[in-house]
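Asker: Structure, please.
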Amino acid sequence: MNAPVASGGTPEEEVILSALRTGRGWEERVREALGREPDWDILRRTAVDHGVLPFLYSRLKEAAPDRVPQAEMDRWKGMYQANARRNLVLTARLLKVLRVFEEHGIRAVPYKGPALAEAAYGDIALRTFCDLDILVRERDIPKVKELLGAGGFRERYALTKRQEKEHSKRNCEYSFEAGNGEILLDVHWGLARPYMLGKDIGGVWDRIGAGRLAGGNVFLLSDEDTLLMLCLHGTVHLWTRLGLVCDVTRFLEAHAGVDLPEVLRKAEESGLRRVLLLGLGLARDLLDAELPGEIGEEIEKDRPVGTLRTHVRSTLFRREPGLPGIRETTGFHLKAKDRIADKAGYFLIRALIPTIEDWNCVRLPDSLYFLYFLYRPLRLLGLASPPPPPDPDTR
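Answerer: Below is the predicted model:
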């Protein structure tokens with residue numbers, strides 16, 4: 001049996017939660033929430049911060065256009081259209097990259113970004129995304145770098161030979177940019193960094209199938225792997241944005257035939273059981289996603305999942321601006337892990353292994369690379385000068 005749907009504390013939160021909800025009756029709830037006279041500036045900023053403005057605009061236009069001031073509706077329309085134009089530009093560039101890879105015998109799989117927008121929302125204009133993500137086989141990385149360089153992309157981070165070696169060993173992606181940095185592309189050879197995956201999700205490439213994106217033929221992850229990836233991605237980012245929960249909810253609604261017990265089985269094999277149950281639980285709690293009874297029972301039985309759900313719900317709209325601190329991030333990730341060995345491995349890697357952020361903060365020659373192992377724990381303890389705010393995934 002589903003848990004009660006969460007309600008927002010302020011009129012702005014209530015409007016957003018009502019409009020993003022799945023199932024029947026959301027239209028009337030939106031109209032009721034708008035009757036509480038939300039502050040439109042706060043509502044707009046909150047929608048942007050949580051990455052849900054395009055979809056929220058479409059829901060407001062459908063359910064209650066007469067309850068929204070015309071000047072405000074025009075403002076939302078302009079922001080929606082600007083997002084749609086940017087998404088079209090990014091999608092066109094993505095398809096161009098995929099064609100080049102295909103011409104050179106490289107199988108590449110787009111995920112998140114426009115691929116998720118179409119798969120979950122049915123329209124690339126209804127989701128916000130700021131970069132592009134492609135999955136390739138690790139053996140193809142050298143050729144991928146060569147082709148992207150010839151196509152006008154450059155690596156975002158300049159690494160020494162030793163840093164390159166360590167990055168390849170401890171990470172699963174390279175970041176590229178084109179133009180003046182307005183097009184960002186992450187090339188992955190794994191769905192998550194090793195410290196987040198105790199054991200890699202087996203057979204991903206065997207389950208990849210043919211699909212369509214913006215009228216073009218592409219390869220796509222299976223529905224089961226996509227759902228698990230969404231829950232893992234949300235957990236990596238501590239579910240700090242409602243858009244992450246909305247992605248899971250919309251994907252479940254658009255792919256009602258996904259075999260959730262089978263996804264749970266795969267998650268258990270990879271040490272991601274709690275990660276999956278957390279994502280599904282939040283989709284149910286916050287946006288009324290429909291789940292099979294046995295999955296709901298598993299969510300309620302897992303005490304750490306309950307603790308994490310409570311943490312997310314209590315901080316979702318009340319978090320201070322900026323990224324969560326390293327202490328909160330570490331505690332959240334450790335609690336989301338199933339196995340003691342994975343917790344220990346995560347802690348050691350995060351505490352001791354240098355990252356791109358460390359390398360960017362202190363430039364050392366490869367001959368002095370060992371000093372990074374001393375610098376990282378000092379920085380994490382606040383005993384060394386921190387660098388500028390990092391990208392969320394480089395910490």
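Asker: C-alpha only now, for contacts and for neighbours.
Answerer: OK.
Asker: Report the contact partners of the residue nearest to L316 when sequence neighbours are not counted.
Answerer: Taking CA to CA, 6 or more residues apart in numbering, and ignoring the residues beside it in sequence, L316 has T240 as its nearest neighbour in space, at 5.8 Å. Residues near T240 by CA atoms under 8 Å, 6 or more residues apart in numbering: H50, V312, T315, L316.
Asker: Any chance of CSV for the residues you listed, columns pLDDT and neighbour count?
Answerer: Below are the contacts of T240 laid out as CSV (pLDDT from 0 to 100; neighbours: other CA atoms under 10 Å):
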residue, pLDDT, neighbour count
H50, 96, 19
V312, 96, 19
T315, 93, 12
L316, 93, 17
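Asker: any chance of the residues you listed in JSON lines, with distance to D225 and secondary structure too?
Answerer: Rendered in JSON lines, the data for the contacts of T240 read as follows (distance: CA to CA, whole Å; DSSP: H, G, I helix; E, B strand; the rest coil):
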{"residue": "H50", "distance to D225": "24", "secondary structure": "coil"}
{"residue": "V312", "distance to D225": "23", "secondary structure": "helix"}
{"residue": "T315", "distance to D225": "28", "secondary structure": "helix"}
{"residue": "L316", "distance to D225": "26", "secondary structure": "coil"}
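Asker: so how far is V52 from the residue nearest to L316?
Answerer: Computed with CA to CA, to the nearest Å, the distance linking T240 and V52 is 13 Å.
Asker: How far off centre is stretch 240-256?
Answerer: Relative to its chain's centre, stretch 240-256 lies at 11 Å (CA atoms, centre = their mean, to the nearest Å).
Asker: you'd agree N217 is in a strand?
Answerer: Yes. According to DSSP: H, G, I helix; E, B strand; the rest coil, the state of N217 is that of a strand.
Asker: May I have the phi/psi pair for the closest residue to it other than its chain neighbours?
Answerer: Excluding the flanking residues, the one nearest N217 by CA to CA, 6+ apart is G211, at 5.9 Å. Listed backbone geometry of G211 is phi -150, psi -170, with angles given as degrees, to the nearest 10.
Asker: Now for the residue nearest in space to the middle of the chain: which residues touch it?
Answerer: Residue closest to the mean C-alpha point of the chain, counted by CA atoms, centre = their mean, is H233 at 4.3 Å. H233 makes contact with A192, according to CA under 8 Å, 6+ apart.
Asker: Please identify the helix or strand for it.
Answerer: Secondary-structure element containing H233, defined by DSSP states H and E: helix 223-236.
Asker: Could you check how far the residue nearest to the centre of the chain is from K143?
Answerer: For H233, the distance to K143 under the criterion CA to CA works out to 27 Å.
Asker: for R273, same thing?
Answerer: Using CA to CA, which is the criterion applied here, R273 is 35 Å from K143.
Asker: and if you look at R250?
Answerer: In terms of CA to CA, R250 sits 36 Å off from K143.
Asker: Whichever strand or helix holds T307 packs against which elements?
Answerer: For T307, the host element (DSSP H and E) is helix 303-315. If you count contacts as 3 or more CA pairs under 8 Å, 6 or more residues apart in numbering; DSSP states H and E, helix 303-315 packs onto helix 273-287, helix 293-301, helix 326-335.
Asker: Export these as TSV, with columns for mean neighbour count.
Answerer: Output for those, formatted as TSV (neighbours: other CA atoms under 10 Å):
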stretch	mean neighbour count
helix 273-287	26
helix 293-301	15
helix 326-335	15
